[in-house]
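K.L.:
show me the folded form of this:
(2 chains)
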Amino acid sequence: MSLKIYNTITRRKEKFVPINPPKVGMYVCGVTVYDLCHIGYARSAIVFDIIYRYMKFRGYDITYVRNFTDVDDKIINRAGESGLQWNEVAERYIEEFNADMAALGVLTPDVEPKATDHIAEMLEMIEALVDKGMAYELDGSVYFSVKSFAGYGKLSGKNIDDLLSGARVDVDESKHDPLDFALWKASKPGEPAWESPWGMGRPGWHIECSAMGRKYLGDTFDIHGGGKDLVFPHHENEIAQSEGSSGKAPVNVWIHNGFVNINSEKMSKSLNNFSTIKDILKTYHPEAVRFFLLTSHYRSPIDFNTQAITSAGKNLYRFYDLFSEEKKLVPEAPPGPETDTSPTEKFTELMNDDFNTATALAFLMEELRRINHLRNEMSRMKKKSDRYKNARTQFALGVRTMKKLGGVLGLFQRDPSDFIDSFKVAKLNEVGVTLDWIQKLIDTRAAARAEKNFAESDRIRDELEGKGILLRDTPEGTTWSISLD
RNA sequence: GGCGCCGUAGCCAAGUGGUAAGGCAGAGGUCUGCAAAACCUUUAUUCAGCGGUUCGAAUCCGCUCGGCGCCUCCA
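P.N.:
Prediction:
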């Protein structure tokens, strides 16, 4: 049973063979810190978070590097608009980014390099390219000569001639070739600037990832990831720079995640139809967002819509509803193995198929049903019987395994009561009622029920239901939950 | 213009040659005073359409229709 990953550059699923097992090096393009992150980036972050978690789960010693682009035209423009310094803009949005990632439960990568901390490494690579005749200087800027690199286009499947005939290539008369891209940009007065052999300037966008990837992971490393939109030109250019300077292919496996669409349309800055992570989290629980994003395969587009995410939230709630039973049914952890091998193997098999979280999640839902079935049966058994004790052991093992496997997807790690309470609190605020008010109605209803005054008790239940508060009469008394619709 | 992706039940979605996972919504049942939750049963002779290859196709090939992406900063 081996891990297979779809490799963009070969357009095939391939068996994953690390260069230097058990070590794995993974570089993922982070964000340019000039604005709040949108939900599309949340998907990318969560996809690679899961790849990171899964590699660890499989026993790999993975080093995960995710950069911050903290110098760039957009940051400079934002600084101009806001009156802040460019580095203040970058710092602010790094903080916002970190808060978003923490909210979404995304693990912190092992290394989070900033472009501005690696100017020397970039200059070194640029100089090597100039020395090899693959780059040239023009008015204090340095450009990569696309025609000098024979493999240009191999990642995105484009050829140079087709690109030239495209209508949207920027036409800069001074470049030797319209496709040539900037490695180093001469700085205008007031812009961030570093010394270089070609005068004061700042790095081009693509060079930072080449330089930092090499610094932290070596000339050739295992995995490079990012959103689909980065395939061209960003990653194509990275290959040109890295391979051009070292003579070695920089990356073995290229992984690209699909977009998040809104109403079936790509969300983008230019269409101004994007939702920030912060916006989304005002309405939806972060773990529900994660669950939702995992219900389709990472390479497929996913449509962000209310119904889909509501459904994800309901399913997630069902898991926590079961977990909240654990304490009651199994007050002390019974002896036995930490996890059940059969579900673990099944889960691994599903995830080994190019990180198919959709099928892995479907499997966990089948497990959920299996354990709930067991719970139902237990409610009919005599508590002192061996059968009950045996079932309880199975229940505990099942729940533990589910939590462990869910953890590989970044799910199920919260305290069940906290999770459920957070939904309740949100609901109370939404409909403007208090806990006391609900409890009072529940007590009144209990009295009515005791007198078999079902008309009154049903009236109270309907009143609460009208507020989205659903009652459950159990042998231990009446509890309540909320409507997730 | 070049390159590429997608079209599976009311909805979301997995499935890339061996006879359609899972979820939401719906229907019936168990439980319940009645409900809720949970569980059980049920819901696509069929995978946009038409041809072809094959013993066998949602899966491969061709054409048609429809939707989308990249080629410009974007995850």
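K.L.:
so what's the closest residue to A:Ile119 other than its chain neighbours bridging to?
P.N.:
Sequence neighbours aside, A:Trp194 is the residue nearest to A:Ile119 in space, at 4.8 Å (criterion: CB to CB, 6 or more residues apart in numbering). To be clear about C-beta, it is placed using only N, CA and C from the backbone, and glycine gets the same treatment. Legend: beta-bridge partners of A:Trp194 under DSSP bridges are A:Gly201.
K.L.:
from RNA strand B, how far off is A:Trp194?
P.N.:
Remark: distance between A:Trp194 and RNA strand B (CB to the nearest atom of the strand, to the nearest Å) = 20 Å.
K.L.:
gap between that residue and A:Gly398?
P.N.:
Remark: distance between A:Trp194 and A:Gly398 (CB to CB, to the nearest Å) = 58 Å.
K.L.:
neighbour count for those two, which is higher?
P.N.:
Neighbour count, other CB atoms under 10 Å: between A:Trp194 and A:Gly398, A:Gly398 has more, with 22 against 16.
K.L.:
domains of chain A?
P.N.:
For chain A, the structural domains run A:4-257, A:306-414, A:417-482, going by automatic domain parsing.
K.L.:
mind listing what the residue of the stretch 201-350 of chain A found nearest RNA strand B touches?
P.N.:
Nearest residue of the stretch 201-350 of chain A to RNA strand B (CB to the nearest atom of the strand) works out as A:Gly227 at 1.5 Å. When contacts are counted by CB atoms under 8 Å, 6 or more residues apart in numbering, A:Gly227 touches A:Cys29, A:Gly40, A:Tyr41, A:Ser44, A:His256, A:Asn257, A:Phe259.
K.L.:
one more pass at 10 Å, please.
P.N.:
By CB atoms under 10 Å, 6 or more residues apart in numbering, the contact set of A:Gly227 is A:28-29, A:40-41, A:43-44, A:47, A:234, A:256-260.
K.L.:
what's the farthest-apart pair in those residues?
P.N.:
Maximum pairwise distance in the contacts of A:Gly227, criterion CB to CB, is 18.7 Å, between A:His234 and A:Val260.
K.L.:
more crowded one of the two?
P.N.:
A:Val260 (23 against 18).
K.L.:
which residue packs closest to that one, ignoring adjacent ones?
P.N.:
In this structure, A:Val260 finds its nearest non-sequential neighbour in A:Gly40, 4.5 Å apart by CB to CB, 6+ apart.
K.L.:
now A:Cys29
P.N.:
Spatially, and ignoring its direct neighbours in sequence, A:Cys29 is nearest to A:Gly226 (3.8 Å; CB to CB, 6+ apart).
K.L.:
can you list the strands that the host helix or strand of that neighbour pairs with?
P.N.:
Assigning secondary structure by DSSP states H and E places A:Gly226 in strand A:221-227. Counting by DSSP bridges, the strands paired with strand A:221-227 are strand A:23-32 (parallel), strand A:251-257 (parallel).
K.L.:
ok, then the element right after it?
P.N.:
Heading C-terminal from strand A:221-227, the first helix or strand you meet, by DSSP H and E, is helix A:236-246.
K.L.:
helices and strands around that following helix, which ones?
P.N.:
helix A:119-131, strand A:135-138, strand A:141-144, strand A:181-186, helix A:207-217, strand A:221-227, strand A:251-257 (3 or more CB pairs under 10 Å, 6 or more residues apart in numbering; DSSP states H and E).
K.L.:
gap between the second one and the chain center?
P.N.:
For strand A:135-138, the distance from its own C-alpha centre to the chain's C-alpha centre is 38 Å (CA atoms, centre = their mean, to the nearest Å).
K.L.:
tell me which strands that strand pairs with, and in which orientation.
P.N.:
Strand A:135-138 is paired, per DSSP bridges, with strand A:141-144 (antiparallel).
K.L.:
how about the partner strand and RNA strand B, touching?
P.N.:
No: legend: contact between strand A:141-144 and RNA strand B by CB under 7 Å from any atom of the strand is lacking; minimum distance shown is 12.6 Å.
K.L.:
could I get the CA-only coordinates of that strand as CSV?
P.N.:
The C-alpha coordinates for strand A:141-144 follow below in CSV (Å, rounded to 0.1, in the frame of the first residue of the first chain):
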residue,chain,number,x,y,z
SER,A,141,16.8,45.5,-13.9
VAL,A,142,17.7,41.9,-14.7
TYR,A,143,15.6,39.6,-16.9
PHE,A,144,15.6,35.9,-17.3
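K.L.:
quick one: contacts of it?
P.N.:
By CB under 10 Å, 6+ apart, the residues outside strand A:141-144 that reach it are A:123, A:126-127, A:129-130, A:134-137, A:152, A:172, A:174-177, A:179-187, A:196-199, A:201-204, A:206-207, A:237, A:240-241, A:244.
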